[in-house]
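Colleague: need a 3D model of the sequence below.
(one chain, ligands or ions: 4)
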Amino acid sequence: AKSAGRNGLRFFNPSMQAAVSARAALEADLREALQTEQFFLELQPQVDAAGTAVGAEALLRWRHPERGLVSPGEFIPVAEATGMILPLGDWVLRQACAQLAAWSRDPAMVGLVLSINVSVRQFRHPDFVSRVLDVLEDSGADPRRLEMELTESQLVDNVEEMIGIMMRLRARGVRFSLDDFGTGYSSLSYLKRLPLNQLKIDQSFVRDLLVDSNDEAIVRTVVALGESLDLRVIAEGVEREAQRDKLLALGCRYFQGYLYGRPGPAGALSRCVAREA
Ligand code: C2E
Ligand code: CA
Ligand code: CA
Ligand code: CA
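Modeller: Numbering: from 1, shown residues only. Ligands and ions are numbered 1, 2, ... in the order given. Take a look at the predicted model:
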């Protein structure tokens with residue numbers, strides 16, 4: 001590293017050097033991981049007020065031969081920064097549609113909606129809409145069973161553009177859910193214009209719901225907002241019955257969290273649905 005100079009490089013110290021090379025190593029591993037099939041999806045059930053599964057969220061997992069399981073919190077930001085999120089997001093889309101096609105042949109699973117997380121970089125790519133429509137058609141998945149989770153913070157910039165992309169997919173039946181809701185800066189005026197199906201209450205508001213009156217006020221507000229905009233409201237991170245009871249009392253009707261099931265293989269979800277039936 002440079003010890004002095006006219007530019008910021010003089011602040012480039014050994015620990016920053018280490019962080020940069022660790023990131024470069026992660027990036028290189030990420031590239032290889034797609035080729036060698038180190039990724040897989042886990043599904044986590046989403047249930048209604050009766051506890052019946054209505055869908056699942058697909059969560060990306062990376063098992064590296066030496067690193068072991070790397071958390072998405074660690075590799076998704078690197079994938080986004082490097083553009084790797086494009087091939088990776090495409091892989092998730094293809095896997096999810098293959099899963100939906102398999103479910104369409106299983107009477108117990110045919111009605112379930114599968115949600116995928118879509119990064120804004122992927123979403124705004126000029127070929128995104130045509131790519132999604134191609135994958136849907138090739139796989140035979142029903143577009144009405146595919147849901148895309150977008151985060152609030154990703155939508156605020158370029159709202160017009162985002163609405164345009166959403167409308168084109170919405171016209172084919174694709175559903176949209178606003179993830180991590182309450183943590184961003186949504187304004188009511190644009191929320192009304194987005195072609196959404198669902199608001200997802202962030203787990204940070206569920207965690208301390210029983211003790212924090214601010215969280216209760218936020219949940220109450222989101223539920224009311226959902227009602228007035230005619231959107232479904234789902235709470236994530238529901239771990240305890242007492243949280244579910246409180247959410248129910250506040251008018252929330254859909255839930256996701258360890259209380260109902262941890263993210264797991266598709267087979268575990270089918271068994272859980274079969275048990276309910
Ligand atoms: P997210 O979309 O907010 O996903 C919810 C996270 O909460 C998941 O973490 C899930 O495993 C975890 N979770 C579910 N139920 C509970 C619970 O009851 N208690 C607690 N404490 N946590 C719960 P995960 O799988 O580590 O994913 C982290 C984030 O990585 C996701 O947050 C999402 O933003 C991102 N991500 C995951 N898969 C994908 C993907 O395929 N594409 C993109 N772009 N991002 C993804
Ligand atoms: Ca999500
Ligand atoms: Ca979330
Ligand atoms: Ca999140």
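Colleague: and what about residue 114, helix, strand or coil?
Modeller: At residue 114 the chain is in strand, as set by DSSP: H, G, I helix; E, B strand; the rest coil.
Colleague: shouldn't it be in contact with residue 53?
Modeller: No. In this structure, residue 114 is not within contact of residue 53 by C-beta atoms under 8 Å, at 11.4 Å. For the C-beta atoms, the positions are set from N, CA and C on the backbone; glycine is no exception.
Colleague: how about the secondary structure of the residue of the stretch 151-277 of the chain found nearest ligand 1?
Modeller: Here the residue of the stretch 151-277 of the chain nearest ligand 1 is residue 257; by C-beta to the nearest ligand atom that distance is 3.2 Å. Secondary structure, three-state DSSP: residue 257 is coil.
Colleague: do residue 209 as well
Modeller: coil.
Colleague: wait, isn't it in contact with residue 219?
Modeller: Yes. Look at residue 209 against residue 219 with C-beta under 8 Å: they come within range, at 6.5 Å.
Colleague: quick check: next helix or strand after the lengthiest helix in the chain?
Modeller: What stands out as the longest helix in the chain, according to DSSP state H, is helix 14-35. Sequence-wise, the next helix or strand downstream of helix 14-35 (DSSP states H and E) is strand 39-48.
Colleague: which other helices and strands contact that next one?
Modeller: strand 53-64, helix 85-104, strand 113-117, strand 254-255, helix 266-276 (3 or more C-beta pairs under 8 Å, 6 or more residues apart in numbering; DSSP states H and E).
Colleague: hang on, the earlier thing: joint contacts of residue 209 and residue 219?
Modeller: residue 247 (C-beta atoms under 8 Å, 6 or more residues apart in numbering).
Colleague: all helices of the stretch 151-277 of the chain, in order?
Modeller: Using DSSP state H, counting those that start in this stretch, the helices of the stretch 151-277 of the chain run over residues 152-155, 159-170, 188-191, 203-207, 213-229, 241-249, 266-276.
Colleague: surely residue 269 meets residue 42?
Modeller: No. Residue 269 lies out of contact with residue 42 (C-beta under 8 Å); the separation is 9.3 Å.
Colleague: what about these two, which has more around it?
Modeller: Higher neighbour count among residue 269 and residue 42: residue 269, with 24 against 17, using other C-beta atoms under 10 Å.
Colleague: interface residues of this structure facing ligand 2?
Modeller: 117, 149, 179 (C-beta under 5 Å from the ion).
Colleague: about what we covered before: nearest to ligand 3, of the helices of the stretch 151-277 of the chain?
Modeller: helix 203-207 (6.1 Å; C-beta to the ion).
Colleague: who does that closest one touch, helix- and strand-wise?
Modeller: helix 213-229, strand 232-235.
Colleague: go again using 6 Å as the cut-off
Modeller: helix 213-229 (3 or more C-beta pairs under 6 Å, 6 or more residues apart in numbering; DSSP states H and E).
Colleague: any chance you could list what contacts the helix it packs on?
Modeller: Helix 213-229 is contacted by residues 182, 199, 201, 205, 208, 209, 233, 250, 251, 252 when judged by C-beta atoms under 6 Å, 6 or more residues apart in numbering.
Colleague: tell me where the model's unsure across the stretch 101-250 of the chain.
Modeller: Low-confidence segments of the stretch 101-250 of the chain (pLDDT under 70): none present.
Colleague: 80 instead, please
Modeller: 156, 184-189 (pLDDT under 80).
Colleague: enumerate the residues of it near ligand 1.
Modeller: Counting by C-beta under 6 Å from any ligand atom, the positions of the stretch 101-250 of the chain adjacent to ligand 1 are 117, 119, 149, 179, 180, 203, 236, 237, 238, 239.
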